[in-house]
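Peer 1: missing the sequence, but the structure's below:
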């Protein structure tokens, strides 16, 4: 599948034009290893090495749409991998502050190089279990690695602003959280496949 075919595929799935434009602007082949570049525009996940992977485009589009991204937001992604989703978010919000936490040193270094032209996108190399409290609160939080239980991410949920949205996978389910008037609304989507969230301490 070529890039144009992937864009048509995402349009057919009903994703909004802002999301489609992001996928048009950001070249997925620049964020995957050389040996899988030929598959960059297939709607499949691809390996990044050392147990990491890049999610399938339709899953990423679903996540981006549910994050309800807006210009000027402050965003945190935990498990940012190659930086592809960070680049997509940057293309959608256009200005703001985006932070990506990545535990894998090699992936973090490469992501920094790829995103060097976006000075408001920051890569932090460490695990994501504590979130990024020194820069909280965030308008949006995306956890791109699954936790075993919901209680282990409550401390990250605390870093969300009022009216903020967080998406986090718990095992094979993607959980949507929205903070409103001091309460948390929650929805669950089934059938997602992420790598595990790793704790180093």
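Peer 2: Received, thanks. Just so it is clear, the structure is predicted and the values come from calculations on it, not from any experiment.
Peer 1: all contacts plus neighbour counts: C-alpha atoms, from now on.
Peer 2: OK.
Peer 1: now do the most centrally placed residue in the chain, the pLDDT please.
Peer 2: Nearest to the mean C-alpha position of the chain, counting by Cα atoms, centre = their mean, stands residue 85 at 4.7 Å. For residue 85, the pLDDT comes out at 97.
Peer 1: swap in residue 153?
Peer 2: According to the prediction, residue 153 has pLDDT 83.
Peer 1: that one touches residue 129, doesn't it?
Peer 2: Yes - with contact defined as Cα atoms under 8 Å, residue 153 reaches residue 129; the gap is 7.2 Å.
Peer 1: related to what we said a few turns ago, who touches the residue nearest to the centre of the chain in this structure?
Peer 2: By Cα atoms under 8 Å, 6 or more residues apart in numbering, residue 85 lies in contact with residue 60.
Peer 1: so residue 48 lies in a helix, does it not?
Peer 2: No - under DSSP: H, G, I helix; E, B strand; the rest coil, residue 48 falls outside any helix and is assigned strand.
Peer 1: ranges for the helices of this protein?
Peer 2: Per DSSP state H, the chain carries helices over the ranges 3-12, 17-25, 57-67, 84-93, 105-114, 154-157.
Peer 1: identify all contacting residues around the last one.
Peer 2: Defining contact as Cα under 8 Å, 6+ apart, one finds that helix 154-157 is touched by 129, 130, 131, 132, 166.
Peer 1: filter those residues down to the buried ones.
Peer 2: Neighbour counting with 16 or more other Cα atoms under 10 Å marks 129, 131, 132, 166 as buried within the contacts of helix 154-157.
Peer 1: kindly list the longest strand within the protein.
Peer 2: Identified as the longest strand of the chain according to DSSP state E is strand 160-170.
Peer 1: give the residue farthest from the middle of the chain.
Peer 2: The centre of the chain is farthest from one residue, residue 181, which by Cα atoms, centre = their mean lies 25.6 Å away.
Peer 1: not counting its neighbours along the chain, what's nearest that one?
Peer 2: If you skip the residues right next to it in sequence, residue 181 has residue 162 as its closest partner in space, 7.0 Å away by Cα to Cα, 6 or more residues apart in numbering.
Peer 1: right, and that neighbour touches residue 184 too?
Peer 2: No - counting by Cα under 8 Å, residue 162 stays clear of residue 184, with 9.7 Å between them.
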